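Enquirer: please work out how this folds:
(4 chains)
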2 protein chains.
Amino acid sequence: MEDIKVIRELREIIRILERKLGVIEDEIFCCGITMAQCHALVEIGRAKNISLNELACLLNLENSTMSRTVNNLVESGYVKREIDPVDRRYVAISLTERGISLFNSIEEGMNQYFNQVYSLIPEDKREQVIESLYLLVDAIKESESCK
Amino acid sequence: MEDIKVIRELREIIRILERKLGVIEDEIFCCGITMAQCHALVEIGRAKNISLNELACLLNLENSTMSRTVNNLVESGYVKREIDPVDRRYVAISLTERGISLFNSIEEGMNQYFNQVYSLIPEDKREQVIESLYLLVDAIKESESCK
DNA sequence: TAAAATAGTTGTATATTGCAATTTATTTTT
DNA sequence: AAAAATAAATTGCAATATACAACTATTTTA
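Expert: Sure thing, here's the model as predicted:
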């Protein structure tokens, strides 16, 4: 409860960062599909193979919402569904060729972008910035378990 | 183009941070209204008084979308519209009593939350974390002008 | 004063979202 | 083994969000 000023500063800079990151995602990378679909596509691509509930959980969405967004991705030919033969309740969601190709171009673009950002951080501060991001995420994680 | 590994690390940690921040916003603070409305309400509250296009620009939305979200906030009694008497093309958007009260409780909650997060950062690293966030935002800003 | 520019709204179409109910499949209990 | 409970996913429904394009009202500018 001490440094109210510093805490507002922290909040403010995180707010600005959040907005910037949103714009980056929005404007630079998700061409052709919606943001919701882009997020899903990237998570599917990273997981290679994922169930609907897992995906919904990752993206913090209802599974009904998730199911329909997956529908849209399937209709656009980026994603396919396959029933898990071991437990037929599960649907294995994965990328099609077309989906992989889009995923790769998003990944490529992202890496290029962050490469640029990284290079614009003063060289002697780069390590510190990454360490700090870890520290911040750790603090947030801890605060979850506190609550 | 050097440290590919470090760049992926940066990207990954930012990704995790983004997700965490999303959950915080979503689950902890925007009770009763939708996220879109919450974002708008907070921006209006911070600005005290703002035009539709400015608001749309802040939130990176089409002004048509913005107009309708403002509609919903007006219908719920959180926000009011007033025509600018100086230039009657402009609409001055501001919070009602009810809106101010919700805004304050969101602000309060946010400050409390970030207070907790701040306190969970090791004391000797707190300054560094804030500095690093500035450095990161600066790098992102610079990358915008580069492109 | 006529044309251009600006701010905002509305028409239209699609996507997102969440809650509740339902279907199908598996696991647990009796 | 049959019944009950649980689990994963989909579907019905209704509200909201979103963007593009067309439109209205107002102000600026040429």
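Enquirer: how deep is residue A:110 tucked in, by neighbour count?
Expert: 20 (other CB atoms under 10 Å in any protein chain shown). C-beta here means a position set from N, CA and C on the backbone, and glycine is covered the same way.
Enquirer: contact partners for it?
Expert: A:29, B:11 (CB atoms under 8 Å, 6 or more residues apart in numbering or on different chains).
Enquirer: please enumerate the strands of chain A.
Expert: A:79-83, A:91-95 (DSSP state E).
Enquirer: out of those strands, which gets nearest to chain B?
Expert: strand A:91-95 (18.3 Å; CB to the nearest CB).
Enquirer: state the mean pLDDT of stretch A:45-60.
Expert: Mean per-residue pLDDT for stretch A:45-60: 97.
Enquirer: and it, what's buried?
Expert: Neighbour counts over stretch A:45-60 (16 or more other CB atoms under 10 Å in any protein chain shown) mark A:45, A:50-52, A:54-56, A:58-59 as buried.
Enquirer: tabulate these in TSV, adding columns for distance to residue A:128.
Expert: Converted to TSV, these look like this (distance: CB to CB, whole Å):
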residue	distance to residue A:128
A:45	31
A:50	35
A:51	39
A:52	40
A:54	35
A:55	35
A:56	36
A:58	29
A:59	31
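Enquirer: quick one: name the residues of chain A near DNA strand D.
Expert: Proximity of chain A to DNA strand D is confined to A:51-54, A:63-64, A:67-68, A:70-71, A:81, A:89-91 under the rule CB under 7 Å from any atom of the strand.
Enquirer: for chain A, give me the ranges with low pLDDT.
Expert: A:1-2, A:146-147 (pLDDT under 70).
Enquirer: returning to that earlier point: which of the buried residues of stretch A:45-60 fall within helices?
Expert: A:45, A:52, A:54-56, A:58 (DSSP state H).
Enquirer: how close does the residue nearest in space to the middle of chain A sit to DNA strand C?
Expert: Among the residues of chain A, the one closest to the centroid is residue A:39, at 5.7 Å (CA atoms, centre = their mean). From residue A:39 across to DNA strand C, the span is 8 Å (CB to the nearest atom of the strand, to the nearest Å).
Enquirer: one more: residue A:45?
Expert: 16 Å.
Enquirer: these two touch, right, that residue and residue A:98?
Expert: No. Counting by CB atoms under 8 Å, residue A:45 stays clear of residue A:98, with 11.8 Å between them.
Enquirer: state which helix of chain A is the longest.
Expert: Per DSSP H, chain A has its longest helix at helix A:97-120.
Enquirer: would you mind measuring from residue A:30 to residue A:76?
Expert: Distance of residue A:30 to residue A:76, computed by CB to CB, to the nearest Å: 13 Å.
Enquirer: so between those two, which is more surrounded?
Expert: residue A:30 (19 against 16).
Enquirer: next, give phi and psi for the more buried one.
Expert: Dihedral pair for residue A:30: phi -100, psi 70, per degrees, to the nearest 10.
Enquirer: the nearest residue to residue A:83 once chain neighbours are set aside: neighbour count?
Expert: Of all residues not flanking residue A:83 in the chain, residue A:91 sits nearest, at 6.1 Å (CB to CB, 6 or more residues apart in numbering or on different chains). Using other CB under 10 Å, the number of residues around residue A:91 comes to 17.
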